[in-house]
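1. sequence-free structure coming up:
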């Protein structure tokens, strides 16, 4: 046998190994790119798709001549043109809009509402389909709090999660010194029941009317494996608030979860984890069964194609795709404190959308990186039709207002 001979099976294995360790920088087609926002600095958190492939997004923006913020709700059409914009909050107070669901004749928004210059409470707003504020409900609790996740149960009821009793009136990435909550309410804002979580906060929540369950994901500090560290968690309740199961995911390093999605036979959680080699954040995907037991996990790094080991790859949103795979909303770049070479394009963040198959193997990565114009990061992704996705960006340059706007990129898989 010649030394140059390579068996077909060995060749297949080599190709699979190359595919496994290297992100595929494919080029899904871009339908349109748009950007808009307020006259102040904007930060987008979440969005939903509507009939006719319109969409609605929520976030926060700065107040003129103030360090405080307002929440915003913005609606766009199928071409990426803004239809309306509504600000939520009181001048001189800290307000944020963090989550949104479409309900009968409008939208329900969750976040935090300022009740004074240095205090804010968990809050819900109801908006009409035209963006008019119909009612506002501030939860009664001590200290500061926020609603961070919402989901619709049926035409009459919803569930929410978040936290209360925090010392911070600004919503942090992860609220550590607080009390997590889960509540069920009707479409008029009346609370049916409210319970405390065994964690300091809930990040996102999903309800299954068929199964009669409510499931919440998030991040929690743990003292295990001879170290204090953060792990992802998944906790499930009955429709009446009885805890059914609770699971942790991660290891002795830092692991954070910011979003998840329900599958026909389980869940998929997304966030980021400390990489073994770089000791920086790597994108992290966890697949579980219906009882929350882990089936597999995957990590992804260097999404933007940069070479520096100081690059952070972060993820804040995940959605299952029509082919059984997943899309992950990510940002990739070097944090300011870690910049060693000011001239490197890696110091300017890139917005990335990572597409995987059903086992978490990379299919392609769409990278929007324009270092000559400014930073971009993908904060959320909305399925926008079969093999079509709408990326929601924090952008320094998409849009006309200064200093930053919400960016939108509509792409579709070939």
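-> The structure has been received and is ready for your questions. Note that the structure is predicted; figures quoted are calculated from it, not measured.
2. Surely residue 346 forms part of a strand?
-> No. Under the criterion used here (DSSP: H, G, I helix; E, B strand; the rest coil), residue 346 is helix, not part of a strand.
3. Correct me if wrong: it contacts residue 306.
-> Yes. Contact status for residue 346 versus residue 306: in contact at 3.9 Å, counting by CB atoms under 8 Å. Where C-beta positions appear, they are placed from N, C-alpha and C, glycine not excepted.
4. intersection of neighbour lists for the two?
-> Listed contacts common to residue 346 and residue 306 are residue 333; contacts here mean CB atoms under 8 Å, 6 or more residues apart in numbering.
5. residue ranges with poor pLDDT in this protein?
-> Scanning the chain with the threshold set as pLDDT under 70 gives 1-27, 276-278.
6. For residue 199, give me its contacts.
-> Contact criterion CB under 8 Å, 6+ apart gives 180, 218, 220, 233, 235 as the residues in contact with residue 199.
7. Now do the SS call for it.
-> Secondary structure assignment for residue 199 (three-state DSSP): coil.
8. what about it, distance to residue 188?
-> As defined by CB to CB, to the nearest Å, residue 199 lies at a distance of 29 Å from residue 188.
9. now swap in residue 341 and tell me
-> Computed with CB to CB, the distance linking residue 341 and residue 188 is 56 Å.
10. do residue 166 as well
-> Between residue 166 and residue 188 the distance, using CB to CB, works out to 27 Å.
11. Give me the more crowded residue out of the two.
-> Set side by side, residue 166 and residue 188 give different neighbour counts by other CB atoms under 10 Å, the larger being at residue 166 (26 against 10).
12. quick revisit: okay, and which of the contacts of residue 199 map to helices?
-> For those, not one is inside helices, with DSSP state H as the criterion.
13. In JSON lines: these, plus distance to residue 139.
-> Listed next are the contacts of residue 199 as JSON lines, based on distance: CB to CB, whole Å:
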{"residue": "180", "distance to residue 139": "13"}
{"residue": "218", "distance to residue 139": "18"}
{"residue": "220", "distance to residue 139": "22"}
{"residue": "233", "distance to residue 139": "23"}
{"residue": "235", "distance to residue 139": "20"}
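14. ok, residue 408 - contacts?
-> Residues 32-35, 76, 80, 390-393, 398 are the ones in contact with residue 408 under the rule CB under 8 Å, 6+ apart.
15. same question, residue 154
-> With contacts taken as CB under 8 Å, 6+ apart, residue 154 has the following neighbours: residue 209.
16. secondary structure class for it?
-> Bear in mind the rule, three-state DSSP; under it residue 154 is coil.
17. Kindly report the same for residue 72.
-> Once three-state DSSP is applied, residue 72 turns out strand.
18. Just list whatever residues bridge to it.
-> Applying DSSP bridges to residue 72 gives these bridge partners: residue 59, residue 87.
19. Buried residues, stretch 101-121. List them.
-> The neighbour-count check on stretch 101-121 (16 or more other CB atoms under 10 Å) flags 101, 103, 106-115, 120-121 as buried.
20. of those, closest to residue 351?
-> Looking at the buried residues of stretch 101-121 and their distance to residue 351, the nearest is residue 111, at 23.3 Å (CB to CB).
21. Return the residues in contact with the closest one.
-> Residues in contact with residue 111, defined by CB under 8 Å, 6+ apart, are 58, 71, 88, 95-99, 123, 125, 146-147, 171.
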